[in-house]
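1. I would like to see how this sequence folds:
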Amino acid sequence: MTGKKSPGNPLHAHAVLRPLVFKGRGAISNHSGRFDHLQHADIDDGWSNLEQDLAPLATEVLIDSTRSIINWVKSPDIPFDRSINPYRGCEHGCIYCFARPTHTYLGLSAGLDFESRILVKPDAARLLRKELSNKNYRCAPMAMGTNTDPYQPLERQQQLTRQILQVLAEFKHPVSIVTKAAMVERDIDILSEMAREGLAQVFISVTTLSNQISRTLEPRAAAPQRRLETIRRLHAAGIPVGVMTAPVIPVLTDPEMEEILAAAHDAGAASAGYVLLRLPLEVAPLFEEWLQHHYPLKASHVMSIIRQSRGGQNNQSEFHERMRGKGIFADMIRQRFKLATKKLGLNQRNLEMNAGLFRPPGKPEQIGLFD
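-> I've put the predicted structure just below:
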């Protein structure tokens with residue numbers, strides 16, 4: 001039952017809040033976003049059993065009729081200036097996902113709506129072809145997976161990411177992908193061809209090696225060992241592959257950093273990166289709810305260190321600090337990462353993506369003056 005927060009609403013006088021624990025979902029609530037003038041939350045009114053299992057929450061597919069597909073980025077702490085997101089929302093359900101608040105701009109919740117009401121962009125490939133063909137377009141590496149995962153479960157049916165890669169390959173446009181899905185292996189045929197010309201690299205995000213933690217932290221993503229296997233297969237196919245230990249969650253996953261880096265290196269990763277947990281806007285209460293439900297004995301300790309690393313707040317939005325944090329714990333993570341990557345030989349060379357081959361189909365090759 002849904003109660004609305006308004007004066008004199010009798011439901012809120014004696015309502016019993018009930019966690020919405022759906023199998024395969026990360027969030028345990030679906031509160032309204034910050035732009036809604038009325039706030040709503042699911043409650044139990046006494047007619048149902050609090051211990052009763054909830055029916056599975058089905059994914060609803062919505063159409064995003066966007067008129068452009070390339071997102072232009074201006075940020076001094078991000079190593080790219082353009083990206084593509086074929087999906088809005090993500091079925092992986094990672095409770096820490098910093099993209100969750102984007103759903104509130106649509107009048108949806110950053111909670112369960114974000115992972116069960118997914119907007120797809122069916123015209124993505126066509127729009128990309130049009131934008132890359134613009135005479136004023138200047139090529140630089142395209143990023144995918146920076147907001148929501150391009151290989152989330154819906155990709156099996158939608159095939160949007162594969163269609164985008166086919167266009168990028170046709171235009172000889174470099175692309176860098178971040179994912180936590182084994183489904184990227186499906187596109188090894190395209191990515192390996194692109195990699196031979198310096199046009200593709202993939203980063204696999206590995207947050208934890210514990211199946212128990214991963215099962216609720218990122219419920220519909222590939223299991224940790226499966227992600228390591230994906231690194232092996234990409235490496236064997238000649239595709240430059242790295243690992244992202246992101247996000248690093250104090251107390252819960254940070255003790256695993258060195259083990260994750262070593263396992264990824266053994267699987268074939270040549271580079272690595274990390275991001276300290278970020279909790280912008282609606283993500284902070286969602287993450288705290290999740291902690292209290294799944295790890296109640298660690299919750300206060302985790303949040304205490306997060307705030308110590310974020311200037312006393314749940315989050316920092318300042319450039320150059322939002323990815324790494326500050327303070328004793330953040331400095332310790334920085335030093336541990338630096339020492340571990342040096343010991344393993346990770347990040348020894350910077351892979352330069354090749355933007356010089358870019359050529360829209362039909363554009364003639366440049367001929368030398370005396371050829």
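2. for Leu281, see how far away Ala272 is.
-> Separation of Ala272 from Leu281 (C-beta to C-beta, to the nearest Å): 28 Å. C-beta coordinates here come from the backbone N, C-alpha and C atoms, glycine included.
3. and Asn350, by the same measure?
-> 33 Å.
4. what about Ala272 and Leu281, which has more around it?
-> Set Ala272 next to Leu281 and count neighbours by other C-beta atoms under 10 Å: Ala272 wins out with 23 against 18.
5. quick one: that one is in a helix?
-> No - assignment of Ala272 by DSSP: H, G, I helix; E, B strand; the rest coil gives strand, placing it outside any helix.
6. for it, give me its contacts.
-> Shown in contact with Ala272 (C-beta atoms under 8 Å, 6 or more residues apart in numbering): 242-245, 261, 264-265, 337, 341, 346-347.
7. tell me the SS of Ile204?
-> Ile204 is classified as strand under three-state DSSP.
8. let me know whether Pro19 touches Leu286 as I believe.
-> No - using C-beta atoms under 8 Å as the test, Pro19 is too far from Leu286 to be in contact (11.7 Å).
9. where do the contact lists of these two overlap?
-> Ser29.
10. neighbour-wise, which of the two wins?
-> The neighbour count for Pro19 versus Leu286, taken as other C-beta under 10 Å, is higher for Leu286 (27 against 15).
11. so after the helix or strand containing that one, what's the next helix or strand?
-> Using DSSP states H and E, the element containing Leu286 is helix 283-294. For helix 283-294, the following helix or strand on the C-terminal side (DSSP H and E) is helix 299-308.
12. the helix or strand just after that next one to helix 299-308, inter-axis angle?
-> Sequence-wise, the next helix or strand downstream of helix 299-308 (DSSP H and E) is helix 328-344. Here helix 328-344 runs at an angle of 90 degrees relative to helix 299-308 (axes from the mean of the first three to the mean of the last three C-alpha atoms, to 10 degrees).
13. can you dump the C-alpha coordinates of helix 328-344 into PDB?
-> Extracted C-alpha coordinates of helix 328-344, given in PDB (Å, rounded to 0.1, in the frame of the first residue of the first chain):
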ATOM      1  CA  ILE A 328      43.700   9.400   6.700                       C
ATOM      2  CA  PHE A 329      41.700   6.600   5.300                       C
ATOM      3  CA  ALA A 330      41.600   8.000   1.700                       C
ATOM      4  CA  ASP A 331      45.400   8.600   1.900                       C
ATOM      5  CA  MET A 332      45.900   5.000   3.100                       C
ATOM      6  CA  ILE A 333      43.800   3.600   0.200                       C
ATOM      7  CA  ARG A 334      45.800   5.800  -2.200                       C
ATOM      8  CA  GLN A 335      49.100   4.400  -0.900                       C
ATOM      9  CA  ARG A 336      48.000   0.800  -0.800                       C
ATOM     10  CA  PHE A 337      46.800   1.100  -4.400                       C
ATOM     11  CA  LYS A 338      50.000   2.700  -5.500                       C
ATOM     12  CA  LEU A 339      52.200   0.000  -3.800                       C
ATOM     13  CA  ALA A 340      50.100  -2.900  -5.000                       C
ATOM     14  CA  THR A 341      50.100  -1.800  -8.700                       C
ATOM     15  CA  LYS A 342      53.800  -1.200  -8.600                       C
ATOM     16  CA  LYS A 343      54.500  -4.600  -7.100                       C
ATOM     17  CA  LEU A 344      52.300  -6.300  -9.700                       C
END
